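*Asks:* model the structure of this input:
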Amino acid sequence: MTWVDKLLREYGAGKSQLVAYRRRLEERKQVAASDELDQEIETVSGMVSDLSYGMEYMRTGRRPGAVRGYDSADAYRYAELQDMDLLPALDLHAPEPVISDEQKLKLVRELLKLSKRERECFLLHAVQGKSWAEVATELNLSKNSVQKYIERARTKVRQAI
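*Replies:* I've put the predicted structure just below:
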């Protein structure tokens, strides 16, 4: 579980509490309406809206409402991939071929362009060496779906690099 997933879980719990609180306020308002209650409901609704916006931004890596394209300020997913340290460092004496920092950056940018499912399947298979069946079990998908996600991801990465 990444730090983004942990934050999303925490924000989700807080959002649920705020929604329940707003519901209680709305019930009180039906019994006895007041400007104070209206103002409190408006404040809580704004907080729920702000949490929803932030959660959507973290989940997708794009500003909510942005429907196309790659957002170069995709800080959350970029940080997640950087933290994984899944690409080899530059070592001139390494027995295996390595890639430069510039190539790593390009690869990370291409990985960020993949859908979340494509990226998950591709990284579990290519980096962690899991079979299609193991990836399918871990992500609760069919083996055929995993195969298609991985093949699509490979094609996109190859075309870009």
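*Asks:* stretch 125-140 - what's its average pLDDT?
*Replies:* Mean pLDDT, computed over stretch 125-140, is 86.
*Asks:* repeat that for stretch 153-161.
*Replies:* Rounded mean pLDDT across stretch 153-161 is 81.
*Asks:* ok now it, how far from the chain's centre?
*Replies:* Per C-alpha atoms, centre = their mean, to the nearest Å, the displacement of stretch 153-161 from the mean C-alpha position of its chain is 20 Å.
*Asks:* show me how this protein divides into domains.
*Replies:* Domain assignment for the chain by automatic domain parsing gives 3-60, 81-160.
*Asks:* now do the contacts for the spatially most central residue of the chain.
*Replies:* When C-alpha atoms, centre = their mean is applied to the chain, the residue found nearest the centroid is residue 59 (3.8 Å). Contacts for residue 59 (C-beta atoms under 8 Å, 6 or more residues apart in numbering) come out as residue 8. The C-beta positions use only the backbone N, C-alpha and C, and glycine is treated the same way.
*Asks:* again with residue 114
*Replies:* Applying C-beta under 8 Å, 6+ apart to residue 114 gives the contacts 122, 153, 156, 157.
*Asks:* lowest average confidence across the domains of the chain, which one?
*Replies:* Looking at those, the weakest mean confidence is domain 81-160, a mean of 77.
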